[in-house]
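Novice: next input, structure requested:
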Amino acid sequence: MNFQSVLDYSSKSVLCIWFAMLAFAAGAQDEGQTRIDILQADAILRDQSQPDVQRLIGAVVLGFGEARLSCDSALRFKDGRFRAMSNVQLKDGNRIVWAESMLLDPVQETAIAESNEKGDVRLKSDVGEIRATRVEYDLDTKWVRFPLGGNMQEGDRTATFNRGLFKVDESMLQLGGEVRIEDADWTVDSDSLHWDEKDNRLFFHGASHVIEQTGGLELQCFYGEFDQITESGWFTSEDSLAAETARVRQDDVWLEADWLEIPSDSLQPMVANGRVEIRDTSNVWKVWGSQAKRLDVGSGDFVVTVDGGSTQKARYLDASSVDTLWLVSDTIEIQKEWTRLWPEVHLIQGQAAAECEVLIWDASTEQIELIGNPLTWLEGWLLKADSMTWQLADNQPKKLSARGRSGLVFDLDSACMQQISGRNLEAFFVDGELHFVEVKGNAETVYFDSEKPNPCEAYNKSVSSAMRIDFDAGEIRDIVLLQKPEGVWSSVRGEAPQLAGMSWMALPEIIQDAYERDLNDFRKAN
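Specialist: Coordinates of the predicted model:
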């Protein structure tokens, strides 16, 4: 029997059918439900064993507002719901859902489709096509839920997820559970994210990893927002106590922090706050502190500034040479050719150490300037001056120039010390070891014979306009007075003599301990 044949019944039969249909509609309206219209069907049948159910057969079309559902057959229940079966297609605006079974509920204003042995449910929209085992379509809010996950395809872009929500009017996909998005430019893995497909923006709400297919850019975070077009956004760890920080890698350099911001405008700095660490991918060097900024100064060059905080200073560690270099200060500023540290700077490399107020390291000339009450400890000697310049060769000292009230001190024991002073001083090195020292202007020495059982019982005091001191393994081998020399050996009576300004000062233990702790941590991490 088809729908047209119903019209050929006697008036009594026709009235019975229509009264039955009106009884269903009236029941729905009494309960305040939205009506689903039967727009087309070849036949409408009733089963006497199921008086509360009608069966629609052949080319069925149902209307729900602007949405249209077509199928091969459908069951209509007394409460107004419809179960569409076989070749089901729901059209709503520019969206189409295909399924083998779909429940249309006028009360909830939803269409729920489930897959069967014939295939998955498919949703086609502006964001592409999504296949899923279950789709829950809200016809009022235009929200589409995928409670059992799904797979999306749009051109060369694919996405897989364990659960999802598509907010149609916002072009927003909210995905969770082992999310992966891939296209020609990016691969994204996340526990939970919101994807603004229209504007190519990602909002992270769980552990996430993004990598550019070229390998040039990579990021990891827990919360964040990423603009794929401008490669900008903000990223954070789960909280300040979490083991994992947010991380961004550009080429061969990692930047890690509790909070990171990458600006879309290259004139604005990249900013990092909390547990900041910058390091190379080979783990040869790193810089760390509490805050950092990176500013583009043009031509592909950057200025990076790292600041310490209330509990720790800024630090730099470089293990590229035989002796690991360690630097610490309140602030470290790094450019392509030079590095500047200030104030309260400390340096340790191998057996050498230094402190000053400002340190400037010029990589192009391999020079290190120490400014502001600098001190240098080298092979047991303490070097003092108003300012110092180290000349390096292959990261080893080649020459040290000290200017203004210069001097060398070696602590023999608590009673006496070797002393060399003058206006200016130059120290020369061979294979990184002190070879000889030239003192110019008001040169003076107080020398004790360290080989005697009691070295502090006698000393030689020499005065000259200039002198040269030769060293061997850190010990004075010879002193040569070059101009207007005067010298005499004397016995110590009372306290041992001390040249003006030539007092001994050991490297602070707190600095040595911090260096050893950082070095051990660095080695463990690698």
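Novice: now the helices for this protein?
Specialist: 3-6, 11-30, 509-525 (DSSP state H).
Novice: so where's the stretch 201-350 of the chain shaky on pLDDT?
Specialist: Regions of the stretch 201-350 of the chain meeting the criterion pLDDT under 70 are absent.
Novice: what about 80?
Specialist: The model of the stretch 201-350 of the chain has pLDDT under 80 over residues 240-243, 266-267, 299-300.
Novice: pretty sure A59 sits against A41.
Specialist: Yes - A59 lies in contact with A41 (CB atoms under 8 Å); the separation is 6.9 Å. Using the backbone N, CA and C atoms, a C-beta is placed for each residue, glycine as well.
Novice: settle it for me: which of those two has more neighbours?
Specialist: Set A59 next to A41 and count neighbours by other CB atoms under 10 Å: A41 wins out with 23 against 15.
Novice: tell me the pLDDT of the nearest residue to that one once chain neighbours are set aside.
Specialist: The shortest distance from A41 to any non-neighbouring residue, by CB to CB, 6 or more residues apart in numbering, is to L56 (4.2 Å). Listed pLDDT for L56 reads 96.
Novice: and L56, how far from D92?
Specialist: Distance from L56 to D92, counting by CB to CB, to the nearest Å: 20 Å.
Novice: those two: who's more crowded?
Specialist: Each of L56 and D92 has its neighbours counted (other CB under 10 Å); L56 has more, 25 against 20.
Novice: which residues does the residue most central in space within the chain bridge with?
Specialist: In the chain, the residue lying closest to the centroid (CA atoms, centre = their mean) is R247, at 1.5 Å. Counting by DSSP bridges, R247 is bridged to Q220, E256.
Novice: show me the contacts for it.
Specialist: By CB atoms under 8 Å, 6 or more residues apart in numbering, the contact set of R247 is E218, L219, Q220, C221, W254, L255, E256.
Novice: now do 10 Å
Specialist: Counting by CB atoms under 10 Å, 6 or more residues apart in numbering, R247 touches 209, 218-221, 235, 237, 254-257, 260, 277.
Novice: can you check D199 too?
Specialist: Taking CB under 10 Å, 6+ apart as the test, what D199 contacts is S171, M172, D227, Q228, I229.
Novice: could you pull up the contacting residues of the second one?
Specialist: Listed by CB under 10 Å, 6+ apart, the contact partners of M172 are V127, W143, L165, F166, H194, W195, D196, E197, K198, D199, R201, F203.
Novice: could you rerun that using 8 Å?
Specialist: F166, H194, W195, D196, E197.
Novice: circling back: select only the buried ones of the contacts of D199 in ChimeraX?
Specialist: Restricted to buried positions by 16 or more other CB atoms under 10 Å, the ChimeraX selection for these reads:
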select :172,228
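Novice: sketch out the low-pLDDT regions of the protein for me.
Specialist: 1-34, 47-48, 240-243, 266-267, 299-300, 394-395, 414, 432, 474, 482-494.
Novice: give me the contacts around stretch 334-341.
Specialist: Identification of contacts with stretch 334-341 by CB under 8 Å, 6+ apart yields 287, 297, 301-306, 314, 316, 327, 329, 331-333, 358-364.
Novice: if we use 10 Å, what do you get?
Specialist: By CB under 10 Å, 6+ apart, stretch 334-341 touches 278, 287, 292, 294-295, 297, 299-306, 313-314, 316, 327-333, 347, 356-365, 367-369.
Novice: among the contacts of D199, which one sits closest to L400?
Specialist: Closest approach between the contacts of D199 and L400, by CB to CB: D227, at 50.4 Å.
Novice: was I right to think that closest one contacts F235?
Specialist: No - the pair D227 / F235 is not scored as a contact, 11.8 Å apart, by CB atoms under 10 Å.
Novice: name the residues contacting each of those two.
Specialist: Shared contacts of D227 and F235 (CB under 10 Å, 6+ apart): I262.
Novice: beta partners of V437?
Specialist: A427, I469.
Novice: send the alpha carbons of stretch 221-241 over as PDB?
Specialist: Extracted in PDB, the C-alpha atoms of stretch 221-241 (Å, rounded to 0.1, in the frame of the first residue of the first chain):
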ATOM      1  CA  CYS A 221      52.400  23.200  27.000                       C
ATOM      2  CA  PHE A 222      49.400  22.300  29.200                       C
ATOM      3  CA  TYR A 223      47.400  25.500  28.700                       C
ATOM      4  CA  GLY A 224      47.800  27.900  25.800                       C
ATOM      5  CA  GLU A 225      46.600  29.600  22.600                       C
ATOM      6  CA  PHE A 226      48.400  29.200  19.300                       C
ATOM      7  CA  ASP A 227      47.800  31.100  16.000                       C
ATOM      8  CA  GLN A 228      49.000  28.900  13.200                       C
ATOM      9  CA  ILE A 229      49.100  31.700  10.700                       C
ATOM     10  CA  THR A 230      51.300  34.100  12.700                       C
ATOM     11  CA  GLU A 231      53.000  31.400  14.800                       C
ATOM     12  CA  SER A 232      52.200  33.400  17.900                       C
ATOM     13  CA  GLY A 233      50.400  32.800  21.200                       C
ATOM     14  CA  TRP A 234      50.800  32.200  24.900                       C
ATOM     15  CA  PHE A 235      51.600  28.900  26.700                       C
ATOM     16  CA  THR A 236      51.800  27.800  30.300                       C
ATOM     17  CA  SER A 237      52.600  24.800  32.500                       C
ATOM     18  CA  GLU A 238      49.800  23.100  34.400                       C
ATOM     19  CA  ASP A 239      50.800  25.200  37.500                       C
ATOM     20  CA  SER A 240      54.000  26.600  39.000                       C
ATOM     21  CA  LEU A 241      54.600  23.400  41.000                       C
END
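Novice: could you pull out the buried residues of that stretch?
Specialist: Buried residues in stretch 221-241, counted by 16+ other CB under 10 Å: 221-226, 228, 231-238.
Novice: which one of the residues you listed is nearest G432?
Specialist: S237 (41.5 Å).
Novice: wait, the closest one touches D258, no?
Specialist: Yes - contact status for S237 versus D258: in contact at 5.0 Å, counting by CB under 10 Å.
Novice: quick check: neighbours shared by the two?
Specialist: With CB under 10 Å, 6+ apart, S237 and D258 have common neighbours E244, T245, A246, G274, R275.
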